[in-house]
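S.K.: let's see this in three dimensions:
(one chain, ligands or ions: 1)
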Amino acid sequence: MLRSFGLNKLLGLSRSIRPSLSLSASYSTGKKDTFYFKDLEVTHSTTQKALVPKEQLKFGHGFTDHMLEVEWTRTGGWGTPRIVPFHNLSLSPAASVLHYSLECFEGSKAYRGDDGKIRLFRLEDNMKRMNASSSYLALPEFDTKEAAKCIQELVRIDNRFVPEGLGYSLYLRPTMIATEDALGVSESNSALFYTIANPTGPYFPTGFKAVKLYADTEHVRAWPGGTGNKKLGANYCGGTTPTLLAKEKGYSQILWLFGPQHNITEAGTMNAFIFWINEQGVLELLTPKLDGTILPGITRDSILKMARKWGEFQVTEGSINMEQVLQASREGRIKEFFGAGTACVISPVKEIGYAGNDIHIPLDINDPSSETGPLAKRIYNEIMNIQYGNTPSEWTTVVE
Ligand SMILES: *Cc1c(COP(=O)(O)O)cnc(C)c1O
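M.R.: This is a model prediction of the structure:
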């Protein structure tokens with residue numbers, strides 16, 4: 001470990017000029033195309049943050065003692081991965097992330113099971129998606145295995161922050177930002193990859209709470225040829241005012257539509273699923289296909305794989321528009337509607353407001369007090385059982 005670092009130290013070379021040297025690189029150009037776990041340097045925090053009582057954990061608020069960071073330059077490639085005390089960033093006010101949203105991110109979680117073990121869920125798939133997002137911004141890619149190992153080490157070091165209990169987790173936020181100190185609108189010649197971690201409680205602290213969606217016919221989240229299939233901060237800022245307007249109307253999220261037919265794309269920041277009897281009379285779980293406007297969710301993919309394995313109903317990546325939903329609602333063919341994503345796993349929907357109609361979505365016909373339909377609940381339970389280690393799965397990695 002740290003062979004190249006040791007060599008540089010021996011030669012008295014400063015870290016800042018090291019990336020331009022070929023000493024540490026395995027490429028003939030001297031440019032490092034990835035960073036490696038074996039090079040990871042750890043600086044432990046000299047202070048320990050107090051743990052927030054479980055009941056007071058708030059999503060996105062409060063971070064662990066450490067963070068992972070790796071610098072990159074176009075000429076030198078990746079620098080040394082480092083786990084260092086959590087700290088504010090120092091950036092030029094001209095940094096392109098601050099002006100042109102040259103940023104992408106990921107969301108993943110570490111879960112502590114009843115056996116006390118901490119598990120990661122499909123983290124390498126998050127890293128693959130980050131490479132797709134990053135490269136679209138002409139920002140760097142990395143080896144997904146190496147990046148996942150570095151993040152896993154952050155979780156190991158900050159393991160005391162991973163709360164116990166079903167629904168509790170350590171939320172991980174890998175982030176890539178363009179840091180070049182220049183205002184020109186062009187690709188950035190430097191970047192920072194970092195990961196911070198936030199201990200968080202259950203999305204539904206008192207059990208499922210079905211939500212109302214506002215099918216927005218005015219604003220558009222993503223469009224063909226755009227960036228809707230990449231996890232970019234830029235995809236979110238445009239939703240700020242539309243979401244506030246929907247909340248003023250009494251809805252919790254927007255059901256994003258696209259095109260003259262008002263095709264369903266996504267539910268808020270989640271992938272959308274409908275469980276219904278389709279126009280052919282077939283029982284079907286349908287989610288919009290990955291046509292470039294849909295974020296390829298890892299929860300989405302997990303649900304599709306799981307439901308296809310069950311083989312109990314048709315599972316379709318297709319398209320559905322609001323007229324079809326209205327018609328199906330009138331004919332009593334809608335069984336369930338839900339959003340899916342890492343934060344909540346599943347978010348059941350009870351109503352969709354669309355063009356003056358309140359489309360009522362059934363939850364559990366056998367239990368009027370239920371806030372979820374049976375399929376949403378079953379999927380939720382199966383995924384949670386995998387994430388918390390009750391069901392063995394190739395999707396999880398134990399943090400030793
Ligand atoms: C992150 C995200 C999702 C969910 O993806 P997961 O990998 O399941 O967490 C869905 N839609 C959008 C727009 C997202 O940004």
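S.K.: now Met130. Nearest residue, chain neighbours left out?
M.R.: Residue nearest to Met130 in three dimensions, not counting chain neighbours: Glu106, with 5.0 Å by Cβ to Cβ, 6 or more residues apart in numbering. Where you see a C-beta, it was placed from the backbone N, CA and C, and this is true even at glycine.
S.K.: nope, Thr269 is what I was after
M.R.: Once flanking residues are discounted, Thr269 sits nearest to Gly341: 6.3 Å by Cβ to Cβ, 6+ apart.
S.K.: number of nearby residues for that neighbour?
M.R.: Number of residues near Gly341 (other Cβ atoms under 10 Å) recorded here: 21.
S.K.: could you check how far it is from Glu55?
M.R.: Using Cβ to Cβ, to the nearest Å, we find Gly341 at a distance of 24 Å from Glu55.
S.K.: related to what we said a few turns ago, just to check, the residue nearest to Thr269 is in contact with Phe273?
M.R.: No: applying Cβ atoms under 8 Å, one finds Gly341 not in contact with Phe273, separated by 11.0 Å.
S.K.: who does the one helix or strand Phe273 maps to pair up with?
M.R.: For Phe273, the element it lies in under DSSP states H and E is strand 270-277. Pairing partners of strand 270-277, with direction, according to DSSP bridges: strand 263-267 (antiparallel), strand 283-288 (antiparallel), strand 334-341 (antiparallel).
S.K.: quick one, which of these is nearest to Val155?
M.R.: Of all the strands paired with strand 270-277, strand 334-341 sits nearest to Val155, with 20.3 Å by Cβ to Cβ.
S.K.: so does that closest one get close to the ligand?
M.R.: Yes: looking at strand 334-341 against the ligand by Cβ under 6 Å from any ligand atom, the contacts come from Gly341.
S.K.: next helix or strand past that strand?
M.R.: Next along from strand 334-341, by DSSP H and E: strand 345-354.
S.K.: tell me what that following strand is packed against?
M.R.: If contacts are counted by 3 or more Cβ pairs under 8 Å, 6 or more residues apart in numbering; DSSP states H and E, strand 345-354 sits against strand 211-216, helix 322-330, strand 334-341, strand 357-360, helix 374-387.
S.K.: tell me the most buried of those?
M.R.: Compared across these, strand 334-341 shows the largest average neighbour count, a mean of 26 (mean count of other Cβ atoms under 10 Å).
S.K.: relative to strand 211-216, how tilted is it?
M.R.: 90 degrees (axes from the mean of the first three to the mean of the last three Cα atoms, to 10 degrees).
S.K.: before we move on, the earlier item: so what's the residue nearest to Thr269 up against?
M.R.: Contacts here follow Cβ atoms under 8 Å, 6 or more residues apart in numbering; on that basis Gly341 touches Gly107, Thr269, Met270, Asn271, Gly297, Thr299, Ser347.
S.K.: ok, back up a step: dump the strands paired with strand 270-277 into TSV; add mean pLDDT as well.
M.R.: Putting those into TSV (pLDDT from 0 to 100) gives the following:
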stretch	mean pLDDT
strand 263-267	98
strand 283-288	98
strand 334-341	97
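S.K.: in TSV, list those strands along with distance to Ile379.
M.R.: Formatted as TSV, those follow (distance: least, Cβ to Cβ, whole Å):
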stretch	distance to Ile379
strand 263-267	15
strand 283-288	9
strand 334-341	8
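S.K.: mind checking which of these is nearest Tyr214?
M.R.: The closest of the strands paired with strand 270-277 to Tyr214 is strand 263-267. By Cβ to Cβ, the value is 10.3 Å.
S.K.: so how far is that closest one from its chain's centroid?
M.R.: The chain centroid and the centroid of strand 263-267 are separated by 18 Å, computed with Cα atoms, centre = their mean, to the nearest Å.
S.K.: one more: stretch 31-51?
M.R.: Here the centre of stretch 31-51 is set off from its chain's centre by 22 Å, with Cα atoms, centre = their mean.
S.K.: how is this structure divided into domains?
M.R.: Domains of the chain are assigned by automatic domain parsing as 2-200, 211-391.
S.K.: for the residue lying closest to Thr80 once chain neighbours are set aside, grab the count of nearby residues.
M.R.: Spatial nearest neighbour of Thr80, excluding adjacent residues (Cβ to Cβ, 6+ apart): Asp39 at 5.4 Å. Residues lying near Asp39 (other Cβ under 10 Å) number 21.
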